[in-house]
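[1] fold the stuff below for me.
(one chain, ligands or ions: 2)
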Amino acid sequence: MITSLFAVYMTSAVIAAKVPSLKVHVPKAAHAHHLPRVHGLGAAKTTTRTKGNLAGADSFMSYVLLAVCPRTKAWWIFHRRYSHFHALRKELVTLRRLCQPVAGLQCLLRALDGALTAAFPRKRLLVTVTSPTVVAERLHSLQLFAAQLTLLRAVCSTEETKGLTHEALGILHHIGALMDSFLQAPAHLRHLRNTEGLFKASSKDDCSICLEPVGSDWSSPTLVLPCHHRFHELCLAKWFETEPTCPLCRATATHGTVA
Ligand SMILES: [Zn+2]
Ligand SMILES: [Zn+2]
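    Numbering: from 1, shown residues only. Ligands and ions are numbered 1, 2, ... in the order given. Predicted structure coming up:
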């Protein structure tokens with residue numbers, strides 16, 4: 001899994017370098033609170049050969065995104081095609097209808113509405129989907145949509161379940177599992193409430209990317225890597241646009257905890 005992700009990633013780095021304005025769009029102010037966030041890291045072009053296709057090949061883009069969820073204390077990198085997002089959105093419309101009459105799901109409904117009212121990139125002709133402008137636009141919109149999905153996931157895993165009916169609990173678990181699987185949340189980070197000690201941060205107090213202290217007042221939240229090194233979220237998101245490794249020790253890093 002990590003190997004294949006890494007392979008996609010290396011391609012993505014090459015492509016991203018040619019695509020203009022693939023910047024991290026999350027403003028610093030967004031870090032003041034504890035809402036889940038998603039950073040668009042890039043897009044990798046994949047070509048598949050299909051029988052009967054005269055052109056001989058179909059190309060599609062796989063979008064690479066970094067999800068940061070302070071509520072469940074986890075961060076991870078995932079990749080998905082536009083068509084996956086499109087199909088999921090359709091499924092959420094159906095689920096929204098199922099949830100509507102069920103008592104006790106107000107938080108879930110609000111999160112679903114958030115996801116369904118977020119701007120969603122429109123369908124395009126197949127020939128245009130690999131154009132740098134379309135890719136940059138889609139990456140931007142998909143990162144906002146995915147942030148809503150990450151919030152939906154957090155609501156499902158942190159929602160107070162006391163007093164909920166069997167039916168309501170079933171819906172909550174179903175949507176939670178759907179989000180875990182769609183967002184490719186690492187299994188061992190799925191049900192954590194307190195990750196202290198899982199990836200214990202090293203004692204070093206500066207982010208070695210920007211050389212500013214981590215955990216200081218203004219700052220962007222701190223992400224801890226499996227190698228125990230830690231960095232500012234924004235610094236790391238920028239670094240991950242190039243490669244999914246620790247900037248300090250170069251160990252592969254595709255998931256970790258939010259300090
Ligand atoms: Zn930094
Ligand atoms: Zn490291």
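[2] interface residues of the stretch 101-250 of the chain facing ligand 2?
    Within the stretch 101-250 of the chain, the positions near ligand 2 by Cβ under 5 Å from the ion are 227, 229, 246, 248, 249. Glycine gets a C-beta too; all of them are placed from N, C-alpha and C.
[3] around ligand 1, pick out the residues from this protein.
    Neighbours of ligand 1 within the chain, by Cβ under 5 Å from the ion: 207, 209, 210, 232, 235.
[4] need the buried ones from these selected in PyMOL.
    Listed next is the PyMOL selection for buried residues among the residues of the chain next to ligand 1, using 16 or more other Cβ atoms under 10 Å:
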select buried, resi 207+232+235
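[5] which among the residues of the chain next to ligand 1 gets closest to residue 221?
    Looking at the residues of the chain next to ligand 1 and their distance to residue 221, the nearest is residue 232, at 7.7 Å (Cβ to Cβ).
[6] buried residues in the helix or strand hosting residue 90?
    Per DSSP states H and E: residue 90 is located in helix 82-99. Residues of helix 82-99 classed as buried: 82, 85, 88, 92, 95, 96, 99 (neighbour count, 16+ other Cβ under 10 Å).
[7] OK, contacts around the last one?
    In this case it means residue 99. Neighbouring residues of residue 99 by Cβ atoms under 8 Å, 6 or more residues apart in numbering: 105, 108, 109, 112, 171.
[8] centre of the chain to the helix or strand where the third one lies, how far?
    Which is residue 109. Here residue 109 sits within helix 106-117, counting by DSSP H and E. In terms of Cα atoms, centre = their mean, to the nearest Å, the centre of helix 106-117 is found 18 Å from the chain centre.
[9] hmm, back to that, pick the one among the buried residues of helix 82-99 closest to ligand 2.
    residue 85 (31.5 Å; Cβ to the ion).
[10] quick one: the closest residue to that closest one other than its chain neighbours from residue 120, how far?
    Spatial nearest neighbour of residue 85, chain neighbours left out: residue 142 (5.8 Å); criterion: Cβ to Cβ, 6 or more residues apart in numbering. Residue 142 sits 8 Å away from residue 120, going by Cβ to Cβ, to the nearest Å.
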